[in-house]
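J.: Here's my sequence, what's the structure:
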Amino acid sequence: MSSTYCCEKCGTQVPELSINQEGWKAIERSLMNKSATLAVAELKHYAGCEEKDSQQFVDHLLRCSYAWPIAREDELVLSKVEKAFAGVKKPKHFTDYTHCDECLEHDQTLRNSSKETAKREEFGNAGWDPITFSTGEGLLYYFPVLARFALLPDLWVNNDWYGEQIVSHLTWDGKSNKLYKQCNSKQKEAIFMFLKHFEATRARPINNYMITEELNLAIKIWSDM
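T.: Numbering: from 1, shown residues only. Predicted structure coming up:
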């Protein structure tokens, strides 16, 4: 059995495995084909580990937004975003939770998590994303992890690529966008920087999800600081 380490973000004990670049590519390919089972088998092969350790490692990749290795340029952009939003406190509530059962459920989801521990699966698809129901304050709090979700590969079996959803959140209502109205100038600048990086580095999924026009609108909105 492999030694483990504690993920500093989500607190999960994760097997410490050595994976070369070819192995990472094989795992990513399997997950982008929506096969966690094949990803576990590939990891077991490339890391030379037991199946239990491989399964735990892949589970962590799919649960924790900080587990997946991303490019240095991505990490630099995300670090600047996190710095701009570092002082934002978690709201007591995120939605008009007394309005209906759906609003209450989304509020509970967002209250029970945090920007450090949030899982991609908790943010669903465009038709069931709790952030859609959130106040501007809630979007302000969670934006750093939403940006991280958007830069991850399209890995999840039951959920689409989050890049599509974040662009929708950043364009909704134009200049009356609830997040836009909450952001200070440094935060607006960080979001604009993120969008330009997103446009430059994610051409294939942007094209696949047919969001070029909406992304251009987002860039136009957030360029006016």
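
J.: Tell me how far the spatially most central residue of the chain lies from residue 87.
T.: Closest to where the C-alpha atoms of the chain average out (Cα atoms, centre = their mean) is residue 149, at 1.5 Å. Going from residue 149 to residue 87 by Cβ to Cβ, to the nearest Å gives 21 Å. In short, each C-beta sits where N, CA and C put it, glycine included.

J.: Show me this structure divided up by domain.
T.: What the record gives for the chain is the domain set 4-63, 72-223, from automatic domain parsing.

J.: Which neighbouring elements make contact with the helix or strand that contains residue 198?
T.: Assigned by DSSP states H and E, residue 198 belongs to helix 185-201. Judged by 3 or more Cβ pairs under 8 Å, 6 or more residues apart in numbering; DSSP states H and E, helix 185-201 is in contact with helix 72-84, helix 136-151, helix 162-171, helix 212-223.

J.: hey, C-alpha coordinates of the third one in PDB?
T.: To tie it back to what came earlier, the one meant is helix 162-171. Backbone C-alpha positions of helix 162-171 (Å, rounded to 0.1, in the frame of the first residue of the first chain) are rendered in PDB as follows:
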ATOM      1  CA  TYR A 162     -17.900  24.400 -16.400                       C
ATOM      2  CA  GLY A 163     -16.400  26.900 -18.900                       C
ATOM      3  CA  GLU A 164     -19.800  27.100 -20.500                       C
ATOM      4  CA  GLN A 165     -21.500  27.900 -17.200                       C
ATOM      5  CA  ILE A 166     -19.000  30.500 -16.000                       C
ATOM      6  CA  VAL A 167     -19.400  32.500 -19.300                       C
ATOM      7  CA  SER A 168     -23.200  32.500 -18.800                       C
ATOM      8  CA  HIS A 169     -22.700  33.800 -15.200                       C
ATOM      9  CA  LEU A 170     -20.500  36.600 -16.400                       C
ATOM     10  CA  THR A 171     -22.800  37.700 -19.200                       C
END
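
J.: Name the next helix or strand downstream of it, please.
T.: Going down the chain from helix 162-171, the next helix or strand is helix 178-182, by DSSP H and E.

J.: List the buried residues for that next one?
T.: For helix 178-182, burial by neighbour count (16 or more other Cβ atoms under 10 Å) applies to 178-180, 182.

J.: now stretch 31-50
T.: 31, 36, 38-44, 46-47, 49.

J.: Check stretch 147-164 too.
T.: Here stretch 147-164 shows 147-152, 154-156, 159, 161-164 as buried, counting by 16+ other Cβ under 10 Å.

J.: can you put the residues you listed in a markdown table and add distance to residue 174?
T.: Below are the buried residues of stretch 147-164 laid out as a markdown table (distance: Cβ to Cβ, whole Å):
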| residue | distance to residue 174 |
| --- | --- |
| 147 | 20 |
| 148 | 25 |
| 149 | 23 |
| 150 | 20 |
| 151 | 24 |
| 152 | 27 |
| 154 | 27 |
| 155 | 31 |
| 156 | 30 |
| 159 | 27 |
| 161 | 24 |
| 162 | 22 |
| 163 | 20 |
| 164 | 18 |
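
J.: List just the nearest of those to residue 114.
T.: Proximity of the buried residues of stretch 147-164 to residue 114 (Cβ to Cβ) peaks at residue 148, which lies at 13.3 Å.

J.: Do you know the pLDDT at the closest one?
T.: You'll see residue 148 listed with a pLDDT of 95.
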